[in-house]
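J.: with the input below, show me the fold.
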Amino acid sequence: MIKPVLLWTDALIFLLIIIVVSFVFYAMRHEHLRAPWRQVIRSKIGFVSLLVLMSYVVVAVLDSMHYRLPLEQTNSNSETHYSVEVLSVLDAIIMPLKENEEKTYSSPLATNLFSQETVELSNGEKSRIHPRLIYGGASLNDPESEHVNDVLMAIIRGVAAGMLIAATLILLVLNILARKRSDSILNVFGAICRRKEKIPWHVVFFAGSVMLIVVAVAASLSQGYHVLGTDKVGQDVLYQATKSIRTALAIGTLTTLIMLPFAVMLGIMAGYFRGLVDDVIQYLYTTLNSIPGVLLIAAVILILQVYIDANPDLFTTDAERADMRLLFLCLILGITSWTGLCRLLRGETLKLREVEYVQAAAAFGVGKLKIIMRHLLPNVMHIILISVVLDFSGLVLAEAVLSYVGVGVDPSMHSWGNMINSARLEMAREPMVWWSLMAAFVFMFVLVLAANLFSDVVRDAFDPRLRKG
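T.: Numbers count the residues shown, from 1 in each chain. From the prediction side, this is the model:
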């Protein structure tokens with residue numbers, strides 16, 4: 001029996017998912033919340049961006065379900081002992097990528113090592129060659145003549161599998177829509193093709209199919225090759241980039257979850273109550289904003305690292321130590337990043353408290369808390385949403401900078417920042433090793449771009465001045 005492992009960040013991620021799901025059900029029962037989200041879903045960019053973000057979230061959730069495998073027992077009556085290595089459901093799915101390690105660097109889809117080595121030939125002479133990989137192209141007898149055809153056949157198999165899965169899912173969606181409308185699948189499909197649907201299903205089907213084909217092609221190629229090459233110690237770069245998704249989303253979402261209550265509560269209170277409350281809150285965030293963030297983060301992380309090294313008995317596995325460092329990184333980033341949103345909300349609340357409906361509510365004796373919840377908070381929600389998503393993008397990018405200076409996540413934890421940090425030395429090689437940096441850049445670029453595009457659509461939907469009804 002495997003032993004489930006619940007890390008601190010796992011618990012917070014699942015808590016965040018529960019909060020989001022609860023909000024979805026709450027919004028579905030209230031028209032004033034359902035209408036803006038309906039506008040988001042009807043936007044082509046919004047729906048496609050949401051689809052991309054959800055694919056990242058699925059990977060992160062699978063990578064947050066951790067467990068430890070039991071060790072082999074020498075005696076049937078002995079106590080079960082478990083491995084110190086903490087795995088996840090994602091590891092179980094992509095285990096070949098984790099286990100198929102090479103000796104050192106290999107370029108994407110290569111069959112030989114990137115570096116030359118001196119080997120002794122059968123006639124006793126020594127020669128400098130690129131040795132064959134252990135796993136990459138191992139099934140090929142003659143890589144020079146068979147390599148291209150084998151890669152093309154793997155791509156064709158991946159495209160066929162991706163199209164088959166996409167077609168199955170499209171038929172499933174069409175069947176659900178047809179049952180809901182008591183119509184035939186052909187009529188529903190015809191309406192989607194003629195673009196008579198309010199929801200841009202044709203764009204969603206196309207984007208989803210492209211994503212499935214890309215994943216299927218990568219899966220097909222990874223059965224015989226290292227799709228994005230290997231790093232200095234021979235570990236698959238695609239495995240590293242995929243495992244880094246959870247770290248990026250954890251930093252972006254958990255930090256936002258920590259800083260959001262401070263920013264919203266203190267910002268609206270400062271703008272609405274003014275006077276002494278405003279002065280105290282301004283003094284608080286001005287003082288905190290004057291402290292160099294990198295120095296504060298470095299101090300906290302270094303203190304935590306000293307504490308972890310001095311108390312090794314508190315952490316059973318390396319994963320728990322790395323997770324504790326990630327948790328404290330999210331905490332300190334949340335404490336230092338709420339000041340900007342707080343200042344924005346204070347300024348907007350100062351303006352909103354003078355409008356007629358707020359003044360009328362106060363004149364009729366409506367309580368201050370009810371005014372804040374019914375009149376102020378909904379009208380600053382667009383600022384909160386756009387700031388949250390932009391802060392999320394900035395935090396994902398900031399992790400790379402923090403890891404570069406040595407105060408980011410634990411070096412043993414997979415992250416795009418650690419990949420970029422290690423790739424900076426590889427870029428100085430001749431010939432240059434570029435694929436680790438490129439993999440981290442592409443994965444990070446797609447996530448940040450989707451988040452920014454989605455934030456624009458959400459901002460337009462929730463801004464009362466831009467709402468279309």
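
J.: what is the neighbour count of residue 430?
T.: By other Cβ atoms under 10 Å, the residues close to residue 430 number 5. Every C-beta, even on glycine, is put in place using the N, C-alpha and C of the backbone.

J.: would you mind measuring from residue 20 to residue 61?
T.: Per Cβ to Cβ, to the nearest Å, residue 20 is found 12 Å from residue 61.

J.: pick out whichever of these two has more residues nearby.
T.: Shown here are residue 20 and residue 61; by other Cβ under 10 Å, residue 61 has more neighbours (18 against 11).

J.: list the contacts of that one.
T.: Residues near residue 61 by Cβ atoms under 8 Å, 6 or more residues apart in numbering: 13, 17.

J.: ramachandran coordinates for it?
T.: With angles defined as degrees, to the nearest 10, residue 61 sits at phi -70, psi -40.

J.: could you report the pLDDT at it?
T.: On pLDDT, residue 61 comes in at 93.

J.: what's the burial count for the closest residue to residue 6 other than its chain neighbours?
T.: Once flanking residues are discounted, residue 6 sits nearest to residue 66: 7.2 Å by Cβ to Cβ, 6 or more residues apart in numbering. Applying other Cβ under 10 Å, we find 22 residues neighbouring residue 66.

J.: show me the contacts for residue 66.
T.: So residue 66 contacts 4, 5, 6, 7, 10, 86, 87, 88, 319 (Cβ under 8 Å, 6+ apart).

J.: now intersect the residues you listed with the helices, please.
T.: Taking DSSP state H, the ones among those that sit in helices are 10, 319.

J.: dump the contacts of residue 66 to TSV, plus pLDDT, neighbour count and distance to residue 312.
T.: Putting the contacts of residue 66 into TSV (pLDDT from 0 to 100; neighbours: other Cβ atoms under 10 Å; distance: Cβ to Cβ, whole Å) gives the following:
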residue	pLDDT	neighbour count	distance to residue 312
4	87	10	23
5	87	19	18
6	88	12	20
7	88	21	17
10	89	20	22
86	87	21	16
87	89	19	22
88	91	21	23
319	86	21	14
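
J.: and the next element down the chain from the helix or strand of the chain with the lowest mean pLDDT?
T.: When each helix and strand of the chain is scored by mean pLDDT, DSSP states H and E, strand 117-120 comes last, with a mean of 76. Using DSSP states H and E, the next helix or strand after strand 117-120 towards the C-terminus is strand 126-129.

J.: and the contacts of stretch 109-125?
T.: Contacts of stretch 109-125 (Cβ under 8 Å, 6+ apart): 102-107, 126-133, 136-137, 140, 143, 147, 151, 221, 225-227, 229, 431, 433.

J.: pull up the distance across it, start to finish.
T.: 30 Å (Cα to Cα, to the nearest Å).

J.: tell me the buried residues in it?
T.: Residues 109, 110, 111, 112, 113, 114, 115 are the ones in stretch 109-125 that count as buried (16 or more other Cβ atoms under 10 Å).

J.: same question for stretch 294-305.
T.: 296, 297, 298, 300, 301, 304, 305.

J.: run through the helices of the stretch 51-200 of the chain in chain order.
T.: 89-93, 95-99, 143-181, 185-193 (DSSP state H, counting those that start in this stretch).

J.: just the mean pLDDT for the last one, thanks.
T.: Translated: helix 185-193. Averaged over helix 185-193, pLDDT sits at 86.

J.: in CSV, list the C-alpha atoms belonging to the helix or strand just after it.
T.: As assigned by DSSP H and E, the chain's next helix or strand after helix 185-193 is helix 201-222. Extracted in CSV, the C-alpha atoms of helix 201-222 (Å, rounded to 0.1, in the frame of the first residue of the first chain):
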residue,chain,number,x,y,z
TRP,A,201,-17.6,26.6,-29.7
HIS,A,202,-15.9,26.6,-33.1
VAL,A,203,-12.9,28.4,-31.7
VAL,A,204,-12.9,26.3,-28.5
PHE,A,205,-13.0,23.1,-30.6
PHE,A,206,-10.1,24.2,-32.8
ALA,A,207,-7.9,25.4,-29.9
GLY,A,208,-8.6,22.3,-27.8
SER,A,209,-7.9,20.1,-30.8
VAL,A,210,-4.5,21.8,-31.4
MET,A,211,-3.6,21.4,-27.7
LEU,A,212,-4.5,17.7,-27.7
ILE,A,213,-2.6,17.1,-30.9
VAL,A,214,0.5,18.9,-29.4
VAL,A,215,0.3,16.8,-26.2
ALA,A,216,-0.3,13.6,-28.2
VAL,A,217,2.7,14.3,-30.5
ALA,A,218,4.9,15.0,-27.5
ALA,A,219,3.7,11.8,-25.9
SER,A,220,4.4,9.8,-29.0
LEU,A,221,7.9,11.2,-29.5
SER,A,222,8.8,10.8,-25.9
